[in-house]
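Colleague: Compute the structure for the input listed below.
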Amino acid sequence: MATLQDKYQAGTLRRFLSELQKAELLILDEMGFVPFHKDGAELLFHVIADCYEQRSVIVTSNLEFGHWNTVFGDARLTAALVDRLVHHAHVLAFTGDSYRLQHALSETKSS
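Modeller: Numbering: from 1, shown residues only. Below is the predicted model of the structure:
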């Protein structure tokens, strides 16, 4: 979401958002890997709100929704964001060990 903040600071956010609205699908990969600054969280909320019931959004995260407050830093904003994401959504939850970790460990053992 650094792109949103960069575009905001450069004064080109409106143009960037206009281009983003042309996309049929928005993919947010590794949500929660790095916590958001307050401004970044608010900008992302507006992007997701603009997509709500208009365009498809895919989000990947290793965090359960209950831990997203630590990422966005605001309970109300987080609740509103999650509410929009999960309405009409298909939530897929995977459990177990990481495939990448298992693969890396198996390569280490075979060396």
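Colleague: what's the first-to-last distance across stretch 83-97?
Modeller: 28 Å (C-alpha to C-alpha, to the nearest Å).
Colleague: what does that stretch rub up against?
Modeller: Contact partners of stretch 83-97, identified using C-beta atoms under 8 Å, 6 or more residues apart in numbering, comprise 48, 49, 52, 53, 57, 59, 65. (Each C-beta comes from the backbone N, C-alpha and C, glycine too.)
Colleague: Taking the residues you listed, tell me the two that lie furthest apart.
Modeller: The span of these, defined through C-beta to C-beta, is set by 53 and 65 at 19.5 Å.
Colleague: ok, then the element right after the host helix or strand of residue 8?
Modeller: For residue 8, the enclosing helix or strand under DSSP states H and E is helix 2-10. Downstream of helix 2-10, the first helix or strand assigned by DSSP H and E is helix 13-20.
Colleague: Can I get that following helix in CSV? Just the C-alpha atoms.
Modeller: Once non-C-alpha atoms are left out, helix 13-20 reads as follows in CSV (Å, rounded to 0.1, in the frame of the first residue of the first chain):
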residue,chain,number,x,y,z
LEU,A,13,-3.8,9.7,-6.3
ARG,A,14,-6.9,10.7,-8.1
ARG,A,15,-5.4,9.7,-11.5
PHE,A,16,-4.1,6.4,-10.0
LEU,A,17,-7.5,5.6,-8.5
SER,A,18,-9.2,6.3,-11.9
GLU,A,19,-6.9,3.8,-13.5
LEU,A,20,-7.4,1.3,-10.7
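Colleague: Mind jotting down where the strands sit in the chain?
Modeller: Here the chain has its strands, by DSSP state E, at 25-28, 56-59.
Colleague: Which positions in the last one come out as buried?
Modeller: Buried residues in strand 56-59, defined by neighbour count with 16 or more other C-beta atoms under 10 Å: 57, 59.
Colleague: measure the closest residue to residue 50 other than its chain neighbours to residue 9 for me?
Modeller: Once flanking residues are discounted, residue 50 sits nearest to residue 21: 6.7 Å by C-beta to C-beta, 6 or more residues apart in numbering. Distance, residue 21 to residue 9, using C-beta to C-beta, to the nearest Å: 21 Å.
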